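**Student:** quick one: sequence plus predicted model below, questions after.
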Amino acid sequence: MTRIFIDTEFIEDGHTIDLISIGMVDDGGREYYAVSADFDFRKLAANPWLMKNVWPSLPKIGGDHRLYALSGPAWPQWLWRPEHMRIRAEARLLRRLFDWDDPRVKIREQIAADVFAFIRGTDDPQLWAWYGAYDHVAYAQLFGRMIDLPEGLPMFTCDLKQECERLGNPRVPQQQTGRHDALEDARHNREIARFLDERAVIHDA
């Protein structure tokens, strides 16, 4: 069995889940990270939480994400009224700042092919995530409907938070940097898993 730790960033509105990025790390150290070229920039611009927490980690021209913090009073006031005009203008700017040439930026079909190859490249793969329900849907929908998931890919994702609760809810290591960067979060999920492994030895003895 090979554990693969996964994290996704996505836009969700209660009806749909639109993948922004995906990170995967296995126990052996292999890693995969991709950013979708197909997510809706207007929905990103309309979501203050995503703008604050996820946009800074995405590939942008010129590199340093701190140059491109787009929320708050730094924007000219006219862009904030009316709301639909602000969102439309901000989405256009996001698209201009987004680095479409970054090799990590890929169309969904290519991400699906890469994810398939990454997972099938392991022996008896098992997916793990922290609060993983939405991560599983974002991953599975790369391939279409639930019944379209290719043979050999996990049909469920194990939940690190559930394992943490089973072990008495110990305080897990805190992530110091890179939160809401899908690859950094996936790496941290592996750190949490290894911490819980040690607790499980004692708990299950």
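**Tutor:** Here it is on my side, so go on.

**Student:** next structured bit after the helix or strand encompassing residue 134?
**Tutor:** Using DSSP states H and E, residue 134 sits within helix 133-140. Next in sequence after helix 133-140, counting helices and strands by DSSP H and E, comes strand 157-159.

**Student:** now that following strand: mean pLDDT?
**Tutor:** For strand 157-159, mean pLDDT is 98.

**Student:** quick check: what element follows that strand along the chain?
**Tutor:** Downstream of strand 157-159 (by DSSP H and E), the next one is helix 160-166.

**Student:** so which residues make contact with the helix holding residue 134?
**Tutor:** 6-8, 10, 12, 17, 19, 22, 115, 127, 129, 146, 149, 156-157, 159 (CB atoms under 8 Å, 6 or more residues apart in numbering). The C-beta positions use only the backbone N, C-alpha and C, and glycine is treated the same way.

**Student:** how is the protein divided into domains?
**Tutor:** 2-37+104-203, 41-97 (automatic domain parsing).

**Student:** worst average pLDDT in these?
**Tutor:** When I compare the domains of the chain, domain 41-97 is least confident, with a mean of 77.

**Student:** and the longest helix for the protein?
**Tutor:** Counting residues, the longest helix found in the chain (DSSP state H) is helix 182-203.

**Student:** does anything pack onto that helix? Which helices or strands?
**Tutor:** strand 2-12, strand 17-26, strand 31-36, strand 125-129, helix 160-166 (3 or more CB pairs under 8 Å, 6 or more residues apart in numbering; DSSP states H and E).

**Student:** how about the third one as PDB, C-alpha atoms only?
**Tutor:** Listed in PDB are the C-alpha atoms of strand 31-36, where the atom choice follows Å, rounded to 0.1, in the frame of the first residue of the first chain:
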ATOM      1  CA  GLU A  31       5.300  15.100  -6.000                       C
ATOM      2  CA  TYR A  32       2.900  16.600  -8.500                       C
ATOM      3  CA  TYR A  33       1.400  20.100  -8.700                       C
ATOM      4  CA  ALA A  34      -0.800  21.700 -11.300                       C
ATOM      5  CA  VAL A  35      -2.900  24.800 -11.700                       C
ATOM      6  CA  SER A  36      -5.900  24.600 -13.900                       C
END
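
**Student:** burial measure for residue 48, as a count.
**Tutor:** Other residues lying near residue 48 total 10 when counted by other CB atoms under 10 Å.

**Student:** likewise the one 4 residues further on?
**Tutor:** Residues lying near residue 52 (other CB under 10 Å) number 14.

**Student:** that one sits in which helix or strand?
**Tutor:** helix 48-53.

**Student:** now the next helix or strand after that helix: how far from the chain's centre is it?
**Tutor:** Using DSSP H and E, the helix or strand that directly follows helix 48-53 along the chain is helix 83-97. Centroid displacement of helix 83-97 relative to its chain, using CA atoms, centre = their mean, to the nearest Å, is 22 Å.

**Student:** so who does residue 36 touch?
**Tutor:** Residue 36 touches 19-21, 105-108, 111, counting by CB under 8 Å, 6+ apart.

**Student:** go again using 7 Å as the cut-off
**Tutor:** 19-21, 108, 111 (CB atoms under 7 Å, 6 or more residues apart in numbering).
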